[in-house]
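In: Below: sequence and its predicted model.
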Amino acid sequence: MKKNIAIIMGGYSNEYQISLTSGQVVFETLDTSKYVAFRIHIFKDKWVYVDTQNKEFPVDKNDFSITINQSKITFDCVFNAIHGSPGEDGFMQGYFALLNMPHTSCGMYQASITFNKRDCLSILKPYGIKTADSYYINLGDSIHEDAIIQKVGLPCFVKANKAGSSFGITKVHKKEDLQNAIKVAFKEDDEIIIESFLDGTEVSVGVINYKGETKVLPITEIVSENDFFDYEAKYLGKSQEITPARLTDAQEKKVRMVAKKVYDVLKLTGFSRSEYIFKNGEPYLLEVNTVPGLTRASILPQQAAAANIPLADLFDNAIQESLKN
């Protein structure tokens, strides 16, 4: 008997459009001989099932069901394609845990930790994971420019602490540009992180739970046409994404080991994609994404293809692993 799969997409952040594209790819790719897929749009003002004629049916939040022609439909599993809040920060994971409903992403605690850059880095540092020097500011704090520069140097990156897809990030070269960069970051979040600039090869490493084992996918090297891997570089073609990355054997071995360690230490499940920059031959962790992009041009699907894992198999495995758990 076919399983009913709810593909949740959209979300409350600036990443909603990317999420809708990811969710649509999942919808078009799932094996129709095994699954009946339902597109579920999650927005602040509505949770709705959207049929193939784009007609909307409300979701009953009491049990995450829908009713069509007086017939109630429940779901065997949820495929999470929401980038940002509430799909990547733990809220949806907590909701589904209360309903005892399987879903393809990591647990609530893991999602909330990885979505908070400074908390995630703080947890991983004692395990020997190298990170950039950082300085934290909360909204309302006094801003001491000299103290920031003394800690992280110039150039530096000013980032929203809890935001994806490079929203709210500025590379700052001069002291006089710090204040404006901080304002930009505070438009996205009430917490910001300022990090030292790491000059080196940037790579993205996909790690997934595949057939019951932690699997590190082929590594992608990121060469941005812009000053850094910003939104344009990620989504508007302003970068080269080279899979497999042009690394030495020693570099590849190190970053694969670190990426697997991050996945295991955080007790992640499902998909993950972590970003690193090499400095003096060592990989420095930038961030961890637990609901990475799943469009056909996204990095994780590229890596899966390089590992000879077709998209349909990648998505099928995510569902099967979540049903097992």
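Out: Okay, I see it.
In: Every contact and neighbour count from this point should use C-alpha atoms.
Out: Fine.
In: Helix or strand with the lowest mean pLDDT in the chain?
Out: helix 231-235 (a mean of 49; mean pLDDT, DSSP states H and E).
In: is Val288 in a bridge, and if so with what?
Out: Ser274 (DSSP bridges).
In: Over to Pro283?
Out: Phe278.
In: what about Val50, neighbour count?
Out: When neighbours are counted by other Cα atoms under 10 Å, Val50 registers 15.
In: what's the distance between the nearest residue to it once chain neighbours are set aside and His41?
Out: The shortest distance from Val50 to any non-neighbouring residue, by Cα to Cα, 6 or more residues apart in numbering, is to Glu56 (4.7 Å). Between Glu56 and His41 the computed distance is 9 Å (Cα to Cα, to the nearest Å).
In: Compare those two (neighbour count), which wins?
Out: Neighbours were counted for Glu56 and for His41 using other Cα under 10 Å; His41 has more, 24 against 15.
In: what about the helices in this protein?
Out: Remark: helices assigned in the chain by DSSP state H are 16-29, 91-99, 108-115, 117-124, 145-152, 178-186, 231-235, 249-265, 299-306, 311-324.
In: Reformat these as CSV; add distance to Ile219 and mean neighbour count.
Out: Shown next, in CSV, are the helices of the chain (distance: least, Cα to Cα, whole Å; neighbours: other Cα atoms under 10 Å):
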stretch, distance to Ile219, mean neighbour count
helix 16-29, 21, 20
helix 91-99, 28, 17
helix 108-115, 20, 22
helix 117-124, 21, 17
helix 145-152, 28, 15
helix 178-186, 29, 19
helix 231-235, 16, 18
helix 249-265, 8, 17
helix 299-306, 7, 22
helix 311-324, 17, 18
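In: quick one: which of these is nearest Glu241?
Out: helix 299-306 (7.7 Å; Cα to Cα).
In: what about that closest one, distance to the chain center?
Out: 15 Å (Cα atoms, centre = their mean, to the nearest Å).
In: okay, now the domains of this protein?
Out: Under the assignment automatic domain parsing, the domains of the chain span 3-104, 113-130+199-324, 134-196.
In: if we can go back for a sec, can you work out which residues contact both of Glu56 and His41?
Out: 48-50 (Cα atoms under 8 Å, 6 or more residues apart in numbering).
In: quick one, what contacts the residue nearest to Asp199 when sequence neighbours are not counted?
Out: Once flanking residues are discounted, Asp199 sits nearest to Lys279: 6.8 Å by Cα to Cα, 6+ apart. By Cα under 8 Å, 6+ apart, Lys279 lies in contact with 198-201.
In: For Gly206, give the beta-bridge partners.
Out: Here Gly206, judged by DSSP bridges, has bridge partners Arg273.
In: what about the strands in the stretch 1-150 of the chain?
Out: Secondary structure of the stretch 1-150 of the chain (DSSP state E, counting those that start in this stretch): strands at 3-10, 35-43, 46-50, 56-60, 65-68, 71-73, 77-80, 134-138.
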